[in-house]
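K.L.:
got a predicted model here, sequence first, then my questions.
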Amino acid sequence: MAVRDILLYPDQKVALRKKCEPIQGFNRSLRRLIVDLTDTLLARPEGIGLGAPQVNDHRRVVVVRLGSGGQEGGEAGPPMPIINPAILEARDERKDFDGCLSFPGLFGQTIRPHYLHVAGLDGKGRPLDRVFEGFDAVVVHHEIDHLDGLLFIDRVERPEDLYRVLVDEDGRRVRVPISA
């Protein structure tokens, strides 16, 4: 298993903001990156997506786990790599939950498309053309943002939309606004 360290904001801000280069060929180095991203994501059960820049690699590769619906305890599917993802169509933008492994413990409400048509390559180098809907579209959009040096905090409209989740005295999880 090749689990890599995830870059954290703000300490590695420059690397997280760097735009990624397109993949030019499917080779051993790319296969190793896909395995590393997959292993790293699986080692963090709270994660449902990971972009190459988060492990300080600046090639256009993401790995996503779909199907959780953004719910705590929601069962996410197996890791799915997407190489050179390109958004062909995005629509149905609305506010939804957002969080990031590079911002441990920080969450927010962002506006993202809930319909996303993406083209690229799958983990074996075959053409991929797929529509993602609902929270799956949010996840894929979030990870593609990483490839362009964008972070979820860039999509937060108001400071009140940022929060941490804490457990209260009754054992319930509660949102605590950062601005409080």
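P.N.:
Arrived safely. On a predicted model such as this, the values are computed, not experimentally measured, just so you know.
K.L.:
centre of the chain to the helix or strand containing N84, how far?
P.N.:
Secondary structure here is read from DSSP states H and E; on that basis N84 sits in strand 80-99. Relative to the chain's own centre, strand 80-99 is displaced by 9 Å; criterion: CA atoms, centre = their mean, to the nearest Å.
K.L.:
please apply the same query to stretch 80-100.
P.N.:
For stretch 80-100, the distance to the chain centre is 9 Å (CA atoms, centre = their mean).
K.L.:
next one: stretch 130-149
P.N.:
Averaging C-alpha coordinates over stretch 130-149 and over its chain gives two centres that are 7 Å apart (CA atoms, centre = their mean).
K.L.:
re earlier: please point out which parts of the strand holding N84 sit buried.
P.N.:
Neighbour counts over strand 80-99 (16 or more other CB atoms under 10 Å) mark 80-85, 90, 96, 98-99 as buried. For every residue, glycine as well, the C-beta is placed using N, CA and C.
K.L.:
so which elements touch it?
P.N.:
In terms of contacts (3 or more CB pairs under 8 Å, 6 or more residues apart in numbering; DSSP states H and E), strand 80-99 is packed against helix 28-42, strand 61-64, strand 107-121, helix 135-147.
K.L.:
the shortest one pairs with which strands?
P.N.:
Sheet partners assigned to strand 61-64 using DSSP bridges are listed as strand 49-51 (antiparallel), strand 80-99 (antiparallel).
K.L.:
same list (the ones you listed) but as a markdown table, adding distance to D122 and mean pLDDT.
P.N.:
Formatted as a markdown table, the entries for the strands paired with strand 61-64 read as follows, by distance: least, CB to CB, whole Å; pLDDT from 0 to 100:
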| stretch | distance to D122 | mean pLDDT |
| --- | --- | --- |
| strand 49-51 | 16 | 98 |
| strand 80-99 | 7 | 97 |
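K.L.:
okay, those strands in JSON lines with distance to R28 next?
P.N.:
As requested, the strands paired with strand 61-64 are arranged in JSON lines below (distance: least, CB to CB, whole Å):
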{"stretch": "strand 49-51", "distance to R28": "20"}
{"stretch": "strand 80-99", "distance to R28": "14"}
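K.L.:
of all those strands, which one is nearest V165?
P.N.:
Distance to V165, taken as CB to CB, is lowest for strand 80-99 among the strands paired with strand 61-64, at 9.0 Å.
K.L.:
might one say that V139 is in contact with L66?
P.N.:
Yes - V139 is in contact with L66 according to CB atoms under 8 Å; the separation is 6.6 Å.
K.L.:
so what sits against both of these two?
P.N.:
Each of 48, 132 lies in contact with both V139 and L66 under the rule CB atoms under 8 Å, 6 or more residues apart in numbering.
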